[in-house]
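Chemist: can't give you the sequence, but here's the structure:
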Ligand SMILES: Nc1ncnc2c1ncn2[C@@H]1O[C@H](COP(=O)(O)OP(=O)(O)O)[C@@H](O)[C@H]1O
Ligand SMILES: [Mg+2]
């Protein structure tokens, strides 16, 4: 079975840091399973996601995505891989203000040929693919052609999820996407995001400092103060 | 959707700044284009004022001075040539025609030029265009005047109108030749040259006006009426200058040398085109200074544009991080900013050209009548076109400055821009 993610003897430190910020001996995530990454602020959660997304490379060790040694590939291949196989959700301000809601959702399919092809295979046009995901994430149709500034924060995060899911990437990575949401919105958001990832068999890697969210996930990773990662299942 | 259309959307999102920046670039280019065009138009207007005349002969003076007062009505003659000398020149075998010119009087600030009907036959301007009468006829009597188009229009004169010539060139001369009024008999078509601002009268008319004058002042107690003057011999003693047409242009240089070595009287003969060339050399210094200032303005505009892009980069860190998450490579980010700065260059140039053309068309409406310079609308001259191509190239290249900064920024920010 394909591993969505596997990490082996990873070491990473920013320039100027004495001890490694991240030290992860072994971690594997089966395709379709979800991973919760928890840790205090400054523990290196975002840094880890940047490594997974191929924006950073570790000083030692290896990261494999979909059985490919992403951390050993050249920059161009890593950027291509990210466009094709990863949907990324930020903490907030996910959307480009100069595109409509629908324009934002269609963007990954316009920038990656692979994701365009998958979206077209399932929905014939990019517009209907975007429409599909927007309705799955409960965005009222009246908002689709509006500028993103017309949306509430909760709606923006769901639009960002629709953008991460279009073209069915194997991996969805979310960096504290719920930290700007109130409690009702958090539950609603977690529900639709985990459901929809499951519906297309995508693995979800989700970062939060909120340990209550752990229940939504198959696997858990804690980045602790001693900067030694603990893996639990 | 590709990177180009994303870049344009992003720019549109910042349109207030973008539009001002485009205007800054456009106006700086417009200034350069306009200065260069006006320079060229001035030259060709000057060059178009007189054509078909091979030599201008006057009293001994600087060539430039002779050209300016005979053709452009700028400055004053210091020396005249005698009628006898004029007859000598006219009788020379190599000479096809001559047109005598006698200057020194004025009417309402417009200069009065004494000549013969040969003037209307031989004076040519532009591309060898002859003078045409719009109304009336050439001289038949002594006290008759043919007006340039602008004189007639400005003063509202029609044929049949009587006018009084003032002695000297001041606009408000107190000494008028009011005892010998002239009648307007003809009005010339507009030419766009100083001819339009000139009143033409027969040489005999000039002599008649001055029969009771001596050395520039009226002789006290001597009053000779207009009719009495006609009884006298009105052959002038001297004239200011003469235009000369050669039978064959090849003889021009040789004849010029002979005139300059004329024994009986010190003379100057100039070839109008060659003397105009001297004029250009003199004003080239001022022109070059203007062009240099305009070029500096364009450089300033370009620097302003880079500053605007650089200043916007910090606010756009999130945008860059989002693009990175969607698979943008750092070179894409660099390219985005190079495109943006090139876009300012291209649109600035297009707008600058449009404003420049509009300006020339509108300004031409009043520059032509006021200064006799015809402003034209058209493509810049080849050297300026090359300079503009260089400008466009540089406008893309300077995008590398903010591009490089954004490239570094996006490498260090990755997907976690904090702003
Ligand atoms: N671009 C960077 N350059 C240098 N140090 C960084 C950079 N980004 C993060 N760090 C450092 O790495 C540590 C972990 O940061 P981060 O991964 O953002 O933590 P978290 O997301 O868990 O709050 C912090 O000490 C931070 O100062
Ligand atoms: Mg973080």
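Modeler: Looks like it arrived, so ask away. All values reported here derive from a predicted model rather than from experimental measurement. Residues are numbered from 1 along each chain as shown, chains lettered A, B, ... in the order given. Ligands and ions are numbered 1, 2, ... in the order given.
Chemist: how about the residues of the stretch 301-419 of chain B near chain A?
Modeler: B:318-319, B:321-322, B:324-330, B:414-416 (C-beta under 8 Å from any C-beta of the partner chain). For glycine as for every other residue, the C-beta is placed from the backbone atoms N, C-alpha and C.
Chemist: of the residues you listed, select the buried ones using a ChimeraX command.
Modeler: In ChimeraX, this line selects whichever of these come out buried by 16 or more other C-beta atoms under 10 Å in any protein chain shown:
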select /B:318,319,321,322,324,325,326,327,328,329,330,414,415,416
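Chemist: closest one of the residues of the stretch 301-419 of chain B next to chain A to chain A?
Modeler: residue B:327 (2.3 Å; C-beta to the nearest C-beta).
Chemist: thinking again about what came up before, could you dump the residues of the stretch 301-419 of chain B next to chain A into TSV with secondary structure and pLDDT added?
Modeler: Output for those, formatted as TSV (DSSP: H, G, I helix; E, B strand; the rest coil; pLDDT from 0 to 100):
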residue	secondary structure	pLDDT
B:318	helix	88
B:319	helix	89
B:321	helix	88
B:322	helix	90
B:324	helix	87
B:325	helix	89
B:326	coil	89
B:327	coil	84
B:328	coil	84
B:329	coil	84
B:330	helix	86
B:414	coil	78
B:415	coil	80
B:416	coil	78
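Chemist: what does the stretch 51-200 of chain B put close to ligand 1?
Modeler: Nowhere does the stretch 51-200 of chain B come near ligand 1, counting by C-beta under 6 Å from any ligand atom.
Chemist: can I get the residues of the stretch 301-419 of chain B next to chain A in a markdown table including distance to ligand 1?
Modeler: Below are these laid out as a markdown table (distance: C-beta to the nearest ligand atom, whole Å):
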| residue | distance to ligand 1 |
| --- | --- |
| B:318 | 15 |
| B:319 | 17 |
| B:321 | 11 |
| B:322 | 17 |
| B:324 | 13 |
| B:325 | 15 |
| B:326 | 20 |
| B:327 | 20 |
| B:328 | 18 |
| B:329 | 18 |
| B:330 | 14 |
| B:414 | 7 |
| B:415 | 10 |
| B:416 | 6 |
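Chemist: which of the residues of the stretch 301-419 of chain B next to chain A sits closest to residue A:223?
Modeler: For those, the residue nearest residue A:223 by C-beta to C-beta is residue B:416; the value is 15.0 Å.
Chemist: can you give me the strands in the stretch 151-300 of chain B?
Modeler: B:162-163, B:166-167, B:182-188, B:198-202, B:213-214, B:217-218, B:238-239, B:241-246, B:267-270 (DSSP state E, counting those that start in this stretch).
Chemist: what bridges to the residue nearest to the spatial centre of chain A?
Modeler: Nearest to the geometric centre of chain A sits residue A:173, at 1.3 Å (C-alpha atoms, centre = their mean). For residue A:173, the beta-bridge partners under DSSP bridges are residue A:88, residue A:205.
Chemist: verify the stated contact: it with residue A:82.
Modeler: No - using C-beta atoms under 8 Å, residue A:173 is not in contact with residue A:82, being 9.3 Å away.
Chemist: give me the common contacts of the two.
Modeler: A:53, A:88 (C-beta atoms under 8 Å, 6 or more residues apart in numbering or on different chains).
Chemist: which stretches of the stretch 151-300 of chain B have low pLDDT?
Modeler: Applying pLDDT under 70 to the stretch 151-300 of chain B picks out residues B:170-174, B:215-218.
Chemist: do a quick rundown of the helices in it.
Modeler: Secondary structure of the stretch 151-300 of chain B (DSSP state H, counting those that start in this stretch): helices located at B:203-209, B:226-231, B:252-260, B:272-313.
Chemist: same thing with chain A?
Modeler: A:45-52, A:75-85, A:101-111, A:113-123, A:126-136, A:153-165, A:183-199 (DSSP state H).
Chemist: got the ones you listed as CSV, with distance to ligand 1, mean pLDDT and mean neighbour count columns?
Modeler: Converted to CSV, the helices of chain A look like this (distance: least, C-beta to the nearest ligand atom, whole Å; pLDDT from 0 to 100; neighbours: other C-beta atoms under 10 Å in any protein chain shown):
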stretch, distance to ligand 1, mean pLDDT, mean neighbour count
helix A:45-52, 3, 93, 23
helix A:75-85, 17, 92, 19
helix A:101-111, 23, 92, 23
helix A:113-123, 27, 94, 17
helix A:126-136, 27, 94, 19
helix A:153-165, 17, 93, 24
helix A:183-199, 18, 90, 16
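Chemist: C-terminal to the host helix or strand of residue B:37, what's the next element?
Modeler: Assigned by DSSP states H and E, residue B:37 falls within helix B:15-49. Counting by DSSP H and E, the next helix or strand C-terminal to helix B:15-49 is strand B:55-59.
Chemist: ok and that next one relative to helix B:272-313, angle-wise?
Modeler: Strand B:55-59 runs at 110 degrees relative to helix B:272-313, counting by axes from the mean of the first three to the mean of the last three C-alpha atoms, to 10 degrees.
Chemist: so which bits of the helix or strand just after strand B:55-59 are buried?
Modeler: Next helix or strand after strand B:55-59 toward the C-terminus (DSSP H and E): helix B:63-71. Neighbour counts over helix B:63-71 (16+ other C-beta under 10 Å) mark B:63, B:65, B:66, B:67, B:68, B:69, B:70, B:71 as buried.
Chemist: okay, residue 73: pLDDT?
Modeler: In the absence of a named chain, chain A is used. Listed pLDDT for residue A:73 reads 91.
Chemist: chain B was what I was after
Modeler: 81.
Chemist: can you count the residues close to it?
Modeler: Applying other C-beta atoms under 10 Å in any protein chain shown, we find 19 residues neighbouring residue B:73.
Chemist: try residue B:100
Modeler: 23.
Chemist: again with residue B:29
Modeler: By other C-beta under 10 Å, neighbour count at residue B:29 equals 26.
Chemist: what do you get for the one 4 residues further on?
Modeler: Residue B:33 sits with 24 neighbouring residues when counted by other C-beta under 10 Å.
Chemist: residues touching it, list them.
Modeler: Here residue B:33 is in contact with B:352, B:353, B:356, B:380, B:384 (C-beta under 8 Å, 6+ apart).
Chemist: pipe those residues into CSV and attach pLDDT, secondary structure and distance to ligand 1 per row.
Modeler: CSV is the format used below for the contacts of residue B:33 (pLDDT from 0 to 100; DSSP: H, G, I helix; E, B strand; the rest coil; distance: C-beta to the nearest ligand atom, whole Å):
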residue, pLDDT, secondary structure, distance to ligand 1
B:352, 97, helix, 42
B:353, 97, helix, 45
B:356, 97, helix, 48
B:380, 93, coil, 49
B:384, 94, helix, 48
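Chemist: out of those residues, which are buried?
Modeler: B:352, B:353, B:356, B:380, B:384.
Chemist: please report how far residue B:343 lies from ligand 1.
Modeler: Residue B:343 is 30 Å from ligand 1, where distance means C-beta to the nearest ligand atom, to the nearest Å.
Chemist: any idea which element the residue lying closest to that residue once chain neighbours are set aside lies in?
Modeler: Leaving aside its chain neighbours, residue B:343 sits nearest to residue B:11 (6.7 Å; criterion: C-beta to C-beta, 6 or more residues apart in numbering or on different chains). Following DSSP H and E, one finds residue B:11 within helix B:3-13.
Chemist: list the buried residues for that helix?
Modeler: B:6, B:7, B:10, B:11.
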